[in-house]
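structure, please.
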Amino acid sequence: MRIALIAHDKKKDELKSFVAHHVDFFKAHDLYATGTTGSILIEHTGLKISLKKSGPLGGDQEIGSMIANGKIDMIFFFRDPLTAQPHEPDVSALFRLSDVYKIPLATNIETAKHFLNSEKNKAQ
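Just a heads-up that it's a prediction; the model follows:
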């Protein structure tokens, strides 16, 4: 499976902990991430992750292009709903593309847990 990993600044630690806790799941898949988030995840988990640009510099759009071209199967985007993002139009476009192409998108840790449980149940 091809998985995108993205997190707003105030959610990067939460995504880092989540991925580290489930590293065995993530290491079995092809991972892509926006630049800063991916660099943090690589440093703390040792996972192989293909990096895109930082979100505000076009990384969200790069992931969006991958969605539109059938190259992403699932997205974990831990977003901060309480802080305005300077690249909010890019974030909205990514969410729209996930809906258009029917790509599962977890925007918080509880949804992410459900996604992992669902994938684990499929594997059994």
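
contacts for the one helix or strand residue 92 maps to, please.
When secondary structure is defined by DSSP states H and E, residue 92 falls within helix 88-100. If you take C-beta atoms under 8 Å, 6 or more residues apart in numbering as the criterion, helix 88-100 is touched by 6, 55-56, 58, 60-61, 63-64, 67-68, 75, 77, 79, 85, 103-105. All C-beta atoms are positioned from the backbone trio N, CA, C, and that covers glycine.

go with 10 Å
4, 6, 8, 55-68, 72, 74-75, 77, 79, 85, 87, 103-105, 107 (C-beta atoms under 10 Å, 6 or more residues apart in numbering).

take those residues and keep only those in helices.
Using DSSP state H, the subset of the contacts of helix 88-100 located in helices is 59, 60, 61, 62, 63, 64, 65, 66, 67, 68.

from those residues, which single one is nearest residue 38?
residue 59 (8.7 Å; C-beta to C-beta).

tally up the residues packed near the closest one, please.
A total of 25 residues lie near residue 59 under the criterion other C-beta atoms under 10 Å.

now do residue 49
Residue 49: 22 neighbours (other C-beta under 10 Å).

residue 60 versus that one, what's the distance?
Residue 49 sits 16 Å away from residue 60 when distances are taken as C-beta to C-beta, to the nearest Å.

for residue 46, same thing?
Distance from residue 46 to residue 60, by C-beta to C-beta: 25 Å.

neighbour count: these two, which is higher?
Between residue 46 and residue 60, residue 60 has the larger neighbour count (other C-beta under 10 Å), namely 28 against 11.

show the model's pLDDT score for the more buried one.
For residue 60, the pLDDT comes out at 92.

surely it touches residue 54?
Yes: between residue 60 and residue 54 a contact is recorded at 9.3 Å, counting by C-beta atoms under 10 Å.
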